[in-house]
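**Student:** would you be able to build a 3D model of this:
(chains A and B)
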Amino acid sequence: MTDIGLIAIGAGLAVLTGAGAGLGMGIATGKAVEAVARQPEANSKINALLLLGLALTESTAIYGFVTALVMIFTMGK
Amino acid sequence: MQFIMPSVGKWIAIALSLIVGVGALYLRSRIPQPEKMEEGYKSAKKKRNLLLMAGVLLLWLCSGLFLGSFGLGAREFQVEISPTRMDILGSSVSSTVFMSWIVIAALAVIAILLRIFIIPRFKETPRGLQLVLETAVTAINDLTKEKYGHRNDGLASYFFALAALFIGSAVVELFGFRPPTTDLSMTLSYALVTFVLINVYGIYKKGIKGRLQSFIRPKAIIAPFKLLSDLAVPISLACRLFGNMLGGMVVVELIYFALGAFSVGIPAVLGLYFNAFHPLIQFFIFINLSLTFIGEAVEEIE
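**Tutor:** The predicted model follows:
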């Protein structure tokens, strides 16, 4: 197996963080929908909270993505 | 880039798709559109839609074949994690830094022009540009007030300037340059400014003793973890913005690479999301999170 092949496998493993982030974002959105359905007048507040939470959740996926990019672009040379 | 004369078969394909495409659009204009309640409305509408789709698709195919046969539009896929460097006045400067200087200069010129020509003409009832400006300023003031607890003009104006710079750098991407936000050094520097602001406002509001006390609340044992999570704030802010912007750029580059000569129209639609909507959301999140952390630092706990 060549070096670049190993790096590619590692990068692929690194972006698996997206699975966890997707799960978390799905759960958060589902709960937000439930909350809005129960209390439609709190819509704007729930929306702001949801956006913040999604941003924090999404960052795990982004860290994996940045790791993969760094692996591909810096280790291959 | 080399110009190759296309073969006869390609010319025939180009001409055929052009003729059929234009013909479909012409046929569509010949079909009369009945009134909504009349009989045959649905079938006529269906036929018109089908012909429109066929015409646009064939014209797109024709343009792609035409550009491709001349060897135009084919791109090599190359994305670098660090931007290219260029020489300016004898010193090596990365292209993103140069682009951000251009954005800053343009924003300064716009601000001076607004101050001289627009602001003295403000009227009691806002209209046009005045309405846009007042809405933007009010929005950022309200956001600051919501997160910080009360009105803070200094913080609001800093974040307004930051939002303007970020939006300017998103506009730069629309012109085909590498946006400054895809450089880790830029995002990290603004995240560090946020880090400094968190501590400055925390100390300003509570004093050094109060700021240190906030680390040992509610129990002294969590102090190392609180310290770590505070230190992680600038890194996470910087990596989030950088990763999102670079990700969007990579996706757009991939689309151009995959479509080759056929990259007419489709990248414009996808770019609306990846170059306009997605950056705006991320800038909002960056500013929102910065304000949230600052608000957390100045929060009074009894």
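
**Student:** residue numbers of the stretch 51-200 of chain B in contact with chain A?
**Tutor:** On the criterion Cβ under 8 Å from any Cβ of the partner chain, chain A has as its neighbours in the stretch 51-200 of chain B the residues B:V79, B:E80, B:I81, B:S82. C-beta coordinates here come from the backbone N, C-alpha and C atoms, glycine included.

**Student:** just the buried residues out of these, in PyMOL syntax.
**Tutor:** In PyMOL syntax, the buried subset of those is picked out as below (16 or more other Cβ atoms under 10 Å in any protein chain shown):
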select buried, chain B and resi 79+81
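
**Student:** what's the spacing between the most far-flung residue of chain B relative to its centre and chain A?
**Tutor:** No residue in chain B sits farther from the centre than B:E39, which is 47.2 Å out by Cα atoms, centre = their mean. For B:E39, the distance to chain A (Cβ to the nearest Cβ, to the nearest Å) stands at 42 Å.

**Student:** ramachandran angles for that residue?
**Tutor:** phi -70, psi 150 (degrees, to the nearest 10).

**Student:** which residues sit in contact with it?
**Tutor:** If you count contacts by Cβ atoms under 8 Å, 6 or more residues apart in numbering or on different chains, B:E39 has none.

**Student:** tell me the gap between the worst-scoring helix or strand of chain B on mean pLDDT and the middle of its chain.
**Tutor:** Across the helices and strands of chain B, mean pLDDT, DSSP states H and E gives its lowest value to strand B:85-88, namely a mean of 78. For strand B:85-88, the separation from the chain centroid amounts to 25 Å (computed by Cα atoms, centre = their mean, to the nearest Å).

**Student:** and if you look at stretch B:26-40?
**Tutor:** Its chain's average C-alpha position is 41 Å from that of stretch B:26-40, according to Cα atoms, centre = their mean.

**Student:** which parts of the stretch 1-150 of chain B are strands?
**Tutor:** Along the stretch 1-150 of chain B, counting by DSSP state E, counting those that start in this stretch, strands occupy B:85-88, B:91-94.

**Student:** tell me what the lengthiest helix in chain A is packed against?
**Tutor:** The residue-count maximum for a helix in chain A (DSSP state H) belongs to helix A:43-70. Counting contacts by 3 or more Cβ pairs under 8 Å, 6 or more residues apart in numbering or on different chains; DSSP states H and E, helix A:43-70 packs against helix A:3-14, helix A:17-38, helix B:223-259, helix B:278-298.

**Student:** confidence score at B:M53?
**Tutor:** We have a pLDDT of 85 for B:M53.

**Student:** possible to save the strands of the stretch 1-150 of chain B as a markdown table with distance to A:G5?
**Tutor:** Shown next, in a markdown table, are the strands of the stretch 1-150 of chain B (distance: least, Cβ to Cβ, whole Å):
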| stretch | distance to A:G5 |
| --- | --- |
| strand B:85-88 | 30 |
| strand B:91-94 | 31 |
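
**Student:** that older thread, just give the strands next to the least confident helix or strand of chain B in its sheet, each with its orientation.
**Tutor:** Here strand B:85-88 has these sheet partners by DSSP bridges: strand B:91-94 (antiparallel).

**Student:** going by neighbour count, list what's buried in the partner strand.
**Tutor:** In strand B:91-94, counting by 16+ other Cβ under 10 Å, buried: B:S94.

**Student:** B:S290: what's it in contact with?
**Tutor:** B:F159, B:T194, B:L197, B:L237.

**Student:** on that earlier part again, if I look at the residue farthest from the centre of chain B, how far off is B:P218?
**Tutor:** The gap separating B:E39 from B:P218 is 75 Å, by Cβ to Cβ, to the nearest Å.
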